[in-house]
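Trainee: fold the following for me, if possible:
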Amino acid sequence: MRTKSKTAKPSAVRVSAGNKRRDKKSREEIKKEIDGLLMHGRAELDSLLRRINDKKNQEKVIARIGKLKKDFEKYEERAVAYTRSNPKKALVAAAAAGVLVGRLLGLFRRKKNRIPIWRMR
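Mentor: Numbers count the residues shown, from 1 in each chain. Modelled structure (predicted):
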């Protein structure tokens with residue numbers, strides 16, 4: 001086993017002029033790549049903003065929301081009818097849905113000291 005001598009000094013890392021040039025070249029390449037990616041990201045954001053602000057797309061979204069509202073009202077009526085005909089089953093289903101929602105909210109609002117959900121049984 002080798003032991004370090006008490007008089008040995010740690011060698012200083014010397015950077016030659018060639019390494020500096022390569023470092024500068026690689027930094028420039030990385031900077032160019034990052035700038036290119038930022039420009040691409042800005043272009044994508046501009047494209048998304050144009051599509052969002054387009055009148056045709058807004059009309060499509062409004063039409064889609066209207067259709068979804070009609071579907072929701074239809075299913076709401078069916079749920080109310082089911083609740084009236086089967087109150088006990090509806091209560092059990094609502095309780096199960098509440099527990100599920102509570103667990104999901106717990107996942108998203110978890111703090112560091114809480115017990116993970118997969119350990120709860």
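
Trainee: now do the spatially most central residue of the chain against residue 97, distance only.
Mentor: With distances taken as C-alpha atoms, centre = their mean, residue 108 lies nearest the centre of the chain, 11.9 Å away. Here residue 108 is placed at a distance of 17 Å from residue 97 (C-beta to C-beta, to the nearest Å). Just so you know, the C-beta spots here come from the backbone N, C-alpha and C atoms, and that holds for glycine as well.

Trainee: neighbours of residue 90, how many?
Mentor: Neighbourhood size, residue 90 [other C-beta atoms under 10 Å]: 15.

Trainee: now do the helix or strand hosting it: which elements does it pack against?
Mentor: Using DSSP states H and E, residue 90 maps to helix 87-108. Under the contact criterion of 3 or more C-beta pairs under 8 Å, 6 or more residues apart in numbering; DSSP states H and E, helix 87-108 touches helix 55-85.

Trainee: just to revisit the earlier point, please report the distance of the residue nearest to the centre of the chain from residue 31.
Mentor: Distance from residue 108 to residue 31, by C-beta to C-beta: 38 Å.

Trainee: burial check on residue 67, number of neighbours?
Mentor: By the criterion of other C-beta under 10 Å, residue 67 has 10 neighbours.

Trainee: gap between the residue nearest to the centre of the chain and residue 36?
Mentor: According to C-beta to C-beta, residue 108 and residue 36 sit 35 Å apart.

Trainee: domains of the chain?
Mentor: For the chain, automatic domain parsing gives the domain ranges 18-53, 59-85, 86-121.

Trainee: just checking, what packs against the strand or helix carrying residue 33?
Mentor: Assigned by DSSP H and E, residue 33 belongs to helix 17-53. If contacts are counted by 3+ C-beta pairs under 8 Å, 6+ apart, helix 17-53 sits against no helix or strand.

Trainee: at 10 Å what do you get?
Mentor: Under the contact definition 3 or more C-beta pairs under 10 Å, 6 or more residues apart in numbering; DSSP states H and E, helix 17-53 sits against helix 55-85.
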